[in-house]
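[1] Take a look and give me a structure for this.
(one chain, ligands or ions: 2)
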Amino acid sequence: MVRTLDDLDAAGAAVGVRVDINSPIDDDGSLADDSRLRAHVDTLDELAGRDARVVVLAHQGRPGGDDFTTLAAHADRLDELLDAPVAYHDTTFGADARGAVGALDEGHVLVLENTRFYSEEVMAFDPEVAAETHLVTGLAPALDAYVNDAFAAAHRSQPSLVGFPARLPGYAGRVMERELDALGDIGSTPTPRVYVLGGAKVDDSIDVAASVLESGLADRVLTAGVVGNTFLHARGVDLGVESTEVVKERAGEALARAEQLLETHGERIHTPVDVAVERGGERVELPVEDLPTSEPAMDVGAETVAAYGDVLADTGTAVLNGPAGVFEMDLFSAGTADLFEAARAAEYTVVGGGDTAAALRRLGLSGFDHVSTGGGAALKLLTGQSLPAVEALS
Ligand SMILES: Nc1ncnc2c1ncn2[C@@H]1O[C@H](COP(=O)(O)OP(=O)(O)OP(=O)(O)O)[C@@H](O)[C@H]1O
Ligand SMILES: O=C(O)[C@H](O)COP(=O)(O)O
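    Ligands and ions are numbered 1, 2, ... in the order given. Okay, the predicted model is just below:
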């Protein structure tokens, strides 16, 4: 059982709060999207409002990436979003950081530097070993408690995620609590359970399909996007040169696994019955029987949405991951918009995936029971696996 903020005596305490505010960064170093910061406002304002001294720990990007930057801009934006005053400090652990935490007033928030500026934080550790890292031993003495609100990073075993709770009393923040409530026990949600797998991370989606079909978590898998094209190809449909190239590039060795899955669970895996292409600047929908075509298949067609809609209307739980087409282009957004709309007919709907959440925002889709802040972390829970950072809290 994970303790929550309801169990924490916050007043006057120095509380380290691990959040996931890893965000897209513009060329000039500013934040291109602040939705991940907004997600943590409740947790941070609640703690500050309860007179905690709030110390924010977070990562941004990976070493070597263009988005691997300081958290100064994140602190500035949090200062605008939170009721509490927010300051930034340019180290994460050591005497300097401990001094800044010691000087922090009750009800104030201090954002420490990007945890991944330190090499230990890009490695995976068992919690007992993570508790001995410089990052943890160099900051924990200044803290009274640790809150993990970083659901989207909870599939990582890095020191800031699994090391602190070995040294300090650990609690789940409000984001973590909501995500675990919605996704933590997917096996007890209403049945039949249908996984709708789209998007372009084909190998990941094939892993998910294999896992949920074999464990029985999924009664059916509906495929769309490049994932759908891959299963069509694996079923022996010739999509045409362009789409076949994308499928081979995206699926790689996973293509053979898709073929095996069709052999063992083929009757539970649904593939598109029509696809949309661009012809003379117009959207044209082609039945699968009319393939191959020289244009790339960029979306599912209306017949597919109707067929999948029939399945979803009799569904207990719909789990949606990945858009049904290239939703970023107006010509190919209909499949995603209409399929997600149809999924709302299910008794309980959960949506996971970073690009999927962006698609919902862009297409103005709402009304799902739960939209996860996490990609990889959500998928782990949705395939019935546990998360190291949550285990470390328990
Ligand atoms: N038929 C298609 N052809 C090419 N690209 C497609 C097609 N269908 C969907 N996509 C692309 O798939 C991308 C999103 O796929 P992805 O698997 O990354 O989604 P996600 O699971 O929500 O994201 P994440 O796993 O990063 O949280 C979009 O950029 C979209 O344009
Ligand atoms: O954006 C994410 O998925 C999380 O912040 C985890 O980031 P990572 O994949 O670089 O560990």
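
[2] Can you mark which positions in stretch 101-115 are buried?
    Val101, Leu104, Gly107, His108, Val109, Leu110, Val111, Leu112, Glu113, Asn114, Thr115 (16 or more other Cβ atoms under 10 Å). All C-beta atoms are positioned from the backbone trio N, CA, C, and that covers glycine.

[3] What of stretch 259-267?
    Buried-residue list, stretch 259-267, by 16+ other Cβ under 10 Å: Glu259, Leu261, Leu262, His265.

[4] What helix or strand is the third one located in?
    If I follow you right, that is Leu262. Using DSSP states H and E, Leu262 sits in helix 254-265.

[5] could you point out which element follows that helix?
    Once the chain leaves helix 254-265, the next helix or strand it forms, by DSSP H and E, is strand 269-270.

[6] so how far is that following strand off the chain centroid?
    24 Å (Cα atoms, centre = their mean, to the nearest Å).

[7] can you check stretch 87-101 too?
    29 Å.

[8] for stretch 81-98, same thing?
    In this view, stretch 81-98 has its centroid 26 Å away from the chain centroid, taken as Cα atoms, centre = their mean.

[9] burial count for Asp274?
    22 (other Cβ atoms under 10 Å).

[10] Now it: phi and psi?
    Main-chain torsions, Asp274, degrees, to the nearest 10: phi -150, psi 160.

[11] Return the residues of the stretch 101-250 of the chain in contact with ligand 2.
    Ala152, Ala153, Arg156 (Cβ under 6 Å from any ligand atom).

[12] most surrounded residue in the residues you listed?
    Ranked by neighbours (other Cβ under 10 Å), these are led by Ala152, which has 24 neighbours.

[13] Does the closest residue to ligand 1 within the stretch 101-250 of the chain fall in a helix, a strand, or a coil region?
    Nearest residue of the stretch 101-250 of the chain to ligand 1, counting by Cβ to the nearest ligand atom: Gly199, 2.6 Å away. Under DSSP: H, G, I helix; E, B strand; the rest coil, Gly199 falls in the coil class.

[14] Name the nearest residue to it, sequence neighbours excluded.
    In space, and not counting its chain neighbours, Gly199 is closest to Gly322: 2.4 Å by Cβ to Cβ, 6 or more residues apart in numbering.

[15] The one you found is in contact with Ala200, isn't it?
    Yes - assessed by Cβ atoms under 8 Å, Gly322 is found in contact with Ala200 at 7.3 Å.

[16] What about Val277, how many residues nearby?
    So Val277, with other Cβ under 10 Å, has 23 neighbours.

[17] would you turn the residues of the stretch 101-250 of the chain next to ligand 2 into CSV with secondary structure?
    Listed next are those as CSV, based on three-state DSSP:
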residue, secondary structure
Ala152, helix
Ala153, helix
Arg156, coil
